[in-house]
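Undergrad: coordinates only, no sequence provided:
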């Protein structure tokens, strides 16, 4: 039997390729960052060509380091930053413009106009999402309206839309020479264009947004025995490998954390934070500011749904300390600096750089640091940054418990920020429940590998995957209930200071 499965993890700030064995252990990886393009306040872009070049490079480097060839891989999965929008020409393969990243807020007027026109309820009911700048449909509409030639090419079927999974699959399977134009339900469910019930593009939603159906990829199950295509011999793998699993990054982490039963939840700490609660085959519609989304669809099985709390800025707030303020040299230093302060010194930081996502959904919000005094230091700001990650997570947990009636017994966590021991202890303290990190913390890539491996029989079923999960560390709460509630009340007060800052009509 072929020994390994690979996973392409195309994220917001970097792309990596990882190889896993049958026990879910990491065999090899390589990772490269790509440029964050910030042309105007609120605009965030990526260069799709750079992302494709980085993807090629990390695949080739990983295989070389591990002395592997294409035939050593049973399958490859793809996971990706979900709502980031790419539009390219079918004939030339060239993008019409930079990708518009999920954090980008330029479509706030489009979202506002959808609500004013009375379309908000239809979009929520059919797609499970509120009209918001976060999702792909508005970004695609903006490109059609503002990038010359796209609308005309779209009507002819020459302009193709995709999130980054679709862009990479198209390239890996041949590009202009027969590339496959496809996505999966987890990514399609983030567009505001797909019906949660049919798992297909919805004619009424397409009409509301004015999106030509010809632009859109086919939608196939997340773990797909019929394959998303096969890599080309002249591509970065140097041979044919089945591409048999695709999951948006947060759903991939849900699979990687083996949250296969209703009521199981995970929280991924990356550029943003994303908490997903498995609700089974039932579509649960949120009344408290969460999203209803597809968690995964394995082969011909019924789709499994989730409630999701999406937080725009968590790990990227630490990057902001490094790149914009220059008070730390690297992300790891945020912990040592924060430990120099016994507490936050009364400082609260709400990093609403892209407005506030769940559970508030306020595009008018902007970041605020409150409670400053002459006593405040860089250490207090670093600690307030870590606390903001944890308080935003508590906001989502509160909403999730109100929607589902499920009270968390433990929070399973993954992602880069989980290496920050202080941050994870604060999370346990703020929630009042234990926080558990698995041995393989990069569960996003692992989930994509699982989806791909299930499709080709590398793993037999989800029971086998559950046996791979092992806890590496657990943090238990140390705060009293009084401490917890006093801090949270001040956090909510700080959040109120960020609202009504931006006029959507500006």
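TA: Sure thing, it's come through. None of the values given here were measured: they were computed from a predicted structure.
Undergrad: longest helix in this protein, please.
TA: Taking DSSP state H as the criterion, the chain has its longest helix at helix 378-404.
Undergrad: elements contacting that helix?
TA: Under the contact criterion of 3 or more CB pairs under 8 Å, 6 or more residues apart in numbering; DSSP states H and E, helix 378-404 touches strand 265-269, strand 273-280, strand 304-311, helix 315-320, helix 333-338, strand 348-350, helix 421-431, helix 481-496. The C-beta positions use only the backbone N, C-alpha and C, and glycine is treated the same way.
Undergrad: angle of the helix or strand hosting residue 444 against strand 273-280?
TA: Using DSSP states H and E, residue 444 maps to helix 443-456. Per axes from the mean of the first three to the mean of the last three CA atoms, to 10 degrees, the angle that helix 443-456 makes with strand 273-280 is 30 degrees.
Undergrad: how many residues are close by residue 486?
TA: Residue 486 is flanked by 12 other residues according to other CB atoms under 10 Å.
Undergrad: any idea of the pLDDT on it?
TA: At residue 486, the model reports a pLDDT of 96.
Undergrad: same check on residue 404?
TA: Note on residue 404: pLDDT of 84.
Undergrad: buried ones in the longest helix of the chain?
TA: Residues 379-400, 403-404 are the ones in helix 378-404 that count as buried (16 or more other CB atoms under 10 Å).
Undergrad: the strands in the stretch 51-200 of the chain, which residues?
TA: Here the stretch 51-200 of the chain has its strands, by DSSP state E, counting those that start in this stretch, at 73-80, 86-89, 99-100, 159-162, 182-183.
Undergrad: so can I have CSV of those strands showing mean pLDDT?
TA: Conversion of the strands of the stretch 51-200 of the chain to CSV gives the following (pLDDT from 0 to 100):
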stretch, mean pLDDT
strand 73-80, 96
strand 86-89, 98
strand 99-100, 98
strand 159-162, 98
strand 182-183, 97
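Undergrad: highest mean neighbour count out of the ones you listed?
TA: strand 73-80 (a mean of 29; mean count of other CB atoms under 10 Å).
Undergrad: after the helix holding residue 444, next one along is what?
TA: Per DSSP H and E, the first helix or strand lying C-terminal to helix 443-456 is helix 462-466.
Undergrad: the helix or strand following that next one vs helix 421-431, what angle?
TA: The C-terminal neighbour of helix 462-466 among helices and strands, as given by DSSP H and E, is strand 471-475. In terms of direction (the same axes, to 10 degrees), strand 471-475 departs from helix 421-431 by 60 degrees.
Undergrad: now for strand 471-475, which elements pack on it?
TA: helix 421-431, strand 435-438.
Undergrad: follow-up on the earlier one: tell me what angle the longest helix of the chain forms with helix 481-496.
TA: Interaxial angle of helix 378-404 relative to helix 481-496 (the same axes, to 10 degrees): 100 degrees.
Undergrad: how far out from the middle of the chain is helix 378-404?
TA: Between the centre of helix 378-404 and the centre of its chain there are 18 Å (CA atoms, centre = their mean, to the nearest Å).
Undergrad: would you mind checking the average pLDDT for the first helix or strand past it going along the chain?
TA: The C-terminal neighbour of helix 378-404 among helices and strands, as given by DSSP H and E, is strand 411-414. Mean pLDDT, computed over strand 411-414, is 91.
Undergrad: gap between the residue lying closest to residue 440 once chain neighbours are set aside and residue 21?
TA: Among residues not flanking residue 440 along the chain, residue 446 sits closest, at 5.4 Å (CB to CB, 6 or more residues apart in numbering). Distance, residue 446 to residue 21, by CB to CB, to the nearest Å: 11 Å.
Undergrad: one more: residue 405?
TA: Distance of residue 405 to residue 21, given as CB to CB: 39 Å.
Undergrad: neighbour count for those two, which is higher?
TA: Ranked by neighbour count (other CB under 10 Å), residue 405 and residue 21 place residue 21 first, with 13 against 8.
Undergrad: pretty sure that one sits against residue 6.
TA: No. Counting by CB atoms under 8 Å, residue 21 sits too far from residue 6 to count as a contact (11.2 Å).
Undergrad: low-confidence ranges in the chain?
TA: Scanning the chain for pLDDT under 70 picks out 1-2, 504-506.
Undergrad: for the residue lying closest to residue 490 once chain neighbours are set aside, what are its contacts?
TA: Among residues not flanking residue 490 along the chain, residue 348 sits closest, at 6.1 Å (CB to CB, 6+ apart). Residue 348 makes contacts with 369, 370, 371, 384, 387, 388, 490, 491, 493, 494, as judged by CB atoms under 8 Å, 6 or more residues apart in numbering.
Undergrad: show me the contacts for the third one.
TA: Residue 371 sits next to 344, 345, 346, 347, 348, 490, 494 when contact means CB under 8 Å, 6+ apart.
Undergrad: re earlier: ok, which of the helices and strands packed on helix 378-404 comes nearest residue 36?
TA: For the helices and strands packed on helix 378-404, the distance to residue 36 is smallest for helix 315-320, at 8.7 Å, taking CB to CB.
Undergrad: who does the closest one touch, helix- and strand-wise?
TA: Using 3+ CB pairs under 8 Å, 6+ apart: helix 315-320 touches helix 378-404.
Undergrad: quick one: the helix it packs on to strand 304-311, angle?
TA: Going by the same axes, to 10 degrees, helix 378-404 is angled at 150 degrees with respect to strand 304-311.
Undergrad: picking up where we left off before, how far away is the residue nearest to residue 490 from residue 359?
TA: From residue 348 across to residue 359, the span is 18 Å (CB to CB).
Undergrad: please apply the same query to residue 296.
TA: Distance from residue 296 to residue 359, by CB to CB: 23 Å.
Undergrad: can you tell me, leaving aside adjacent residues, what's nearest to residue 322?
TA: residue 328 (5.1 Å).
Undergrad: quick one, what contacts the one you found?
TA: Contacts of residue 328 by CB under 8 Å, 6+ apart are 318, 321, 322, 334, 337, 382.
Undergrad: what about the fourth one, how many residues nearby?
TA: Residue 334 is flanked by 26 other residues according to other CB under 10 Å.
Undergrad: wait, it touches residue 420, no?
TA: Yes. The pair residue 334 / residue 420 is scored as a contact, 6.8 Å apart, by CB under 8 Å.
Undergrad: identify the contacts common to these two.
TA: Common contacts of residue 334 and residue 420, defined by CB under 8 Å, 6+ apart, comprise residue 386.
Undergrad: list the contacts of the residue nearest to residue 443 when sequence neighbours are not counted.
TA: Nearest residue to residue 443, sequence neighbours excluded (CB to CB, 6+ apart): residue 256, at 3.0 Å. By CB under 8 Å, 6+ apart, the contact set of residue 256 is 414, 440, 442, 443, 444, 445, 446, 447, 448, 450.
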